[in-house]
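# Provide a 3D model corresponding to the input given below.
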Amino acid sequence: MPIDISSSNGLERLRAVVRGAVQGVGFRPFVHRLATEMQLSGWVSNANEGVVLEVEGSNESLRQFLLRLTSEKPPHAVIHSLEPVFLDTVGHSGFSIREHGDSGAKTALIFPDIATCGECLKEIFHPQNRRYRYPFTNCTHCGPRYSLIEGLPYDRARTTMKIFPMCPDCRWEYDNPRDRRFHAQPTACPACGPSLELWDKDGKLLASREEALGQAVQAIANGQVVAVKGLGGFHLCVDARQEKAVDALRQRKHRQEKPFAVMVPFLEAARALCELSDMEERLLASAEAPIVLLRRKSAGNLAESIAPCNPYLGLMLPYTPLHHLLMKELAAPMVATSGNISEEPICIDEKDALIDLQGLADVFLVHNRPIRRPIDDSVVTVVEGRELMLRRSRGYAPLPIQLGQESPRILAVGAHLKNTVAVAIGHHAFISQHIGELETARAYEVFKETIASFEGLYNFKPDIVACDLHPNYVSTHYAGERDGVLHPVQHHYAHVLSCMADNDLRGPVLGVAWDGTGYGLDHTVWGGEFLHVTDKGFERAAHLRTFRLPGNEKAIREPRRSALGLLFEMFGEWVFDGRTCASLEAFTPEELTLLQPMLIKGIQTPITSSAGRLFDAVASLLDLRQVITFEGQAAMELEFAATGHESEGVYPFKMTDWEPMIHALLRDYQDDVPIGAIAARFHHTLAEMIIQVAKAVNERKVVLTGGCFQNRYLTSRTVRRLREEGFHPYWHQRIPPNDGGISLGQIAAVLRKESGKAEPYVSGRSR
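So this is what the prediction gives:
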């Protein structure tokens, strides 16, 4: 067992798994030289999955080490993916190159889809190269992987490329050990590989190959919506500068206000639009090529409706040859949003697209390379100098998370929203790409197909099936129909264990699990939880004060209902006796007449401790948002309002009782205190509540998890205040804090039980 040395000494440990052509090219000696030069302690070793390293030092030196690791790597080294995680120190002394050691049975790793490498880009834009302007150029260093693999071992016959026989030139490269396309399974060229076509909305062929690309670019420039079949599915694309085009896309996609992602041609274009730190630049230009949420400099020449009332933009760089060619010709920012109707999975087949995207796209730029599984773009942000995953998909899935022990064969089916599934084999948990909301028949089909795909790839049949405790989730029903021991896991316990696994953390910890909805052990709606996790199990040490949600799930879409329930908890039925505030004024008299007896009699008004609904209620009380058009909108606007008011104070509160805070907040609102100042004080007060509970529980390690900790302002404030008070905060890095991390937490819950660490709820107490 490693010695746990407190990070209060200003040191941290960076562990990184580097995958790609990094063995036999001098990578370990390079790491040794770099770490020694920077006076960092630790080790580096070859492993089954690539190169694994650990270094200890200050946070700033570790971040610089991470940046230099990619910018100064050996000339023949190719990094396919780099997965860093910051951990507690263990007291490394000096720096060593360790011999390779097995950590259990070898497991075939399936690489994610990787952004186009520099060498392939040179070929695409070199007029004398035989792959000049070829949209499907790739090599062993880049290109599709997970999106086209059908079975293991990984060879061409077990990918969707099997329908394209290689020409003699490609075959020579494929068979030549000295060529970078040696056994590059998706390799192809214009003579033998996939090709482009442009279709109209009825599927009629308009153009082929180079002409198809040119006409598609012209259509985008002319303000049309173009459906582009990419790596893991379709994008819907419009010129990001044209307000009319962006608005048309919103109307067709039924996406009123939720921000669109924007693809920019190159890094300089991103710098012109947004503020970029070194870490954010690294993420944008990385092989994973995610969407990165960035602080806007100004609206620039982008359409205002791309991200209305939002100080952030989701930017990404081109990551396939096709995208590079499109962006080169368009020479302008382009909206590239998932090709689907809202809440449906991304469309992957061109014939299905004609039906599923009917009425959305004017023309379809398609190709004949089949996509095996839908893979959406990943989304990340940076919090306190570390990347925070918000949606883990292309570029990352299905790379594994290393488990701290040998695992039985576990299938974890995740949650209902932002669903992912996971399987545990040996010492690894393999987590699927983002599947999404399991609220439609098509989403449920993708959910089942993803599980079947994992089972086929890994020849896997589970001994244990883990699921959410909620009895009405479709994932829970599915789990109940499977062979194997059924293991339900409480939602917020899974959140905490997911963050612990993400940080390679053992208990005991205080887990702060704040989100919108989760099924509680007392059959109420949890969501503002403080769980004390020990080797004996977990205890609900405290929770936010509860209130009622009039209209049940309608309150999720209408923050005004959460506010009404909050006010009813404070004032009782007197709230209906002529009181006025923004939330009450958002209802008609007829609506209030219907809601009053529901609250008084407790009909269709479930009790909740949800922090997410508390955010909604405050957003309504401040008249920021009464009805939302997408999940989390009210909380986001409350966060945006707080930004720039970091010096504001704190409202009064009683441990986890928000009532004194709400009274003071309403007085400030009535006294015309700026909304930003009020929003900041609200966030600050929540951070102080966490500190008070941590002091009462007397637990130094505090884990922040759940959808509320996607809020960068709340997370940063809480992390800094916990450190100031001598606590050790942990938050998510590689795994989303939202329900996308639940499947990993479910696996961790099973492992705790298997290792004798009792999982059941221990006699709780309420603070």
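# Next, the buried residues of the helix or strand where Leu531 lies.
Per DSSP states H and E, Leu531 falls inside strand 525-534. The neighbour-count check on strand 525-534 (16 or more other Cβ atoms under 10 Å) flags 525-533 as buried. In short, each C-beta sits where N, CA and C put it, glycine included.
# Quick one: the helices in the stretch 251-400 of the chain, in order.
267-273, 278-284, 321-330, 350-356 (DSSP state H, counting those that start in this stretch).
# does the residue lying closest to Asp155 once chain neighbours are set aside count as helix, strand or coil?
Nearest residue to Asp155 in three dimensions, chain neighbours excluded: Gln185, at 6.1 Å (Cβ to Cβ, 6 or more residues apart in numbering). Three-state assignment for Gln185 (DSSP: H, G, I helix; E, B strand; the rest coil): coil.
# Equivalent analysis for Val703, please.
strand.
# do Pro127 as well
Of the three states, Pro127 takes coil under three-state DSSP.
# go on, Pro736?
At Pro736 the chain is in coil, as set by three-state DSSP.
# What is the neighbour count of it?
For Pro736, the neighbour count with other Cβ atoms under 10 Å is 28.
# Over to the one 3 residues further on?
By the criterion of other Cβ under 10 Å, Asp739 has 27 neighbours.
# Confirm for me that it is in contact with Val421.
No - look at Asp739 against Val421 with Cβ atoms under 8 Å: they stay out of range, at 11.9 Å.
# what sits in contact with each of these two?
Counting by Cβ atoms under 8 Å, 6 or more residues apart in numbering, the residues touching both Asp739 and Val421 are Gly414.
# First-to-last residue distance for stretch 155-168?
18 Å (Cα to Cα, to the nearest Å).
# got the buried residues for it?
Buried residues in stretch 155-168 (16+ other Cβ under 10 Å): 156, 158-161, 164, 166.
# cool, and stretch 744-756?
Buried residues in stretch 744-756, counted by 16+ other Cβ under 10 Å: 744-754.
# tell me the contacts of the nearest residue in space to Lys695 that is not next to it in sequence?
Nearest residue to Lys695 in three dimensions, chain neighbours excluded: Glu725, at 7.6 Å (Cβ to Cβ, 6+ apart). For Glu725, the contact set (Cβ under 8 Å, 6+ apart) comprises 691, 694-695.
# Mind putting the buried residues of stretch 744-756 into TSV with distance to Gln218, secondary structure and pLDDT?
Output for those, formatted as TSV (distance: Cβ to Cβ, whole Å; DSSP: H, G, I helix; E, B strand; the rest coil; pLDDT from 0 to 100):
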residue	distance to Gln218	secondary structure	pLDDT
Leu744	45	helix	98
Gly745	48	helix	98
Gln746	49	helix	98
Ile747	49	helix	97
Ala748	52	helix	96
Ala749	54	helix	96
Val750	54	helix	96
Leu751	55	helix	95
Arg752	58	helix	93
Lys753	60	helix	89
Glu754	59	helix	81
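# Any regions of the protein where pLDDT drops low?
1-9, 21, 23-26, 48-49, 76, 100-109, 299, 757-767 (pLDDT under 70).
# my guess is Ala664 contacts Val650, does it?
No - contact criterion Cβ under 8 Å: Ala664 and Val650 do not qualify, at 9.7 Å.
# Centroid-nearest residue for the protein?
Arg391 (1.8 Å; Cα atoms, centre = their mean).
# okay, now the domains of this protein?
As recorded under automatic domain parsing, the domains making up the chain are 7-98, 117-386, 387-506+737-762, 543-730.
# which residues in the stretch 301-450 of the chain form strands?
For the stretch 301-450 of the chain, the strands defined by DSSP state E, counting those that start in this stretch cover 312-316, 334-338, 363-367, 379-383, 386-391, 400-412, 422-431.
# Which one, of these, ends up nearest to Met655?
strand 379-383 (26.2 Å; Cβ to Cβ).
# May I have the closest one as PDB, with CA atoms only?
Output of strand 379-383 as PDB, limited to C-alpha atoms (Å, rounded to 0.1, in the frame of the first residue of the first chain):
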ATOM      1  CA  VAL A 379     -16.600  17.600 -24.800                       C
ATOM      2  CA  VAL A 380     -14.000  18.800 -22.300                       C
ATOM      3  CA  THR A 381     -13.300  22.000 -20.300                       C
ATOM      4  CA  VAL A 382     -10.400  23.000 -18.000                       C
ATOM      5  CA  VAL A 383     -11.000  23.600 -14.300                       C
END
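# just the angle between that strand and strand 386-391, please?
Strand 379-383 and strand 386-391 are oriented at 150 degrees to each other (axes from the mean of the first three to the mean of the last three Cα atoms, to 10 degrees).
# from now on call the first residue 877
From this message on, residue numbering opens at 877, which makes the last subject strand 1255-1259.
# Tyr1334 contacts Val1299, correct?
Yes - taking Cβ under 8 Å as the definition, Tyr1334 is a contact partner of Val1299 at 6.6 Å.
# Those two: which is more packed in?
A count of neighbours by other Cβ under 10 Å puts Val1299 above the other of Tyr1334 and Val1299, at 25 against 17.
# Pretty sure Pro1338 is one of the things that one touches, is it not?
Yes - with contacts counted by Cβ under 8 Å, Val1299 reaches Pro1338, the gap being 7.2 Å.
# Need the overlap of contacts for the two.
Common neighbours of Val1299 and Pro1338 (criterion: Cβ under 8 Å, 6+ apart): 1285-1287.
# between those, which is nearest Pro1003?
Leu1287 (51.2 Å).
# And for that closest one, the neighbour number?
Neighbours of Leu1287 (other Cβ under 10 Å): 28.
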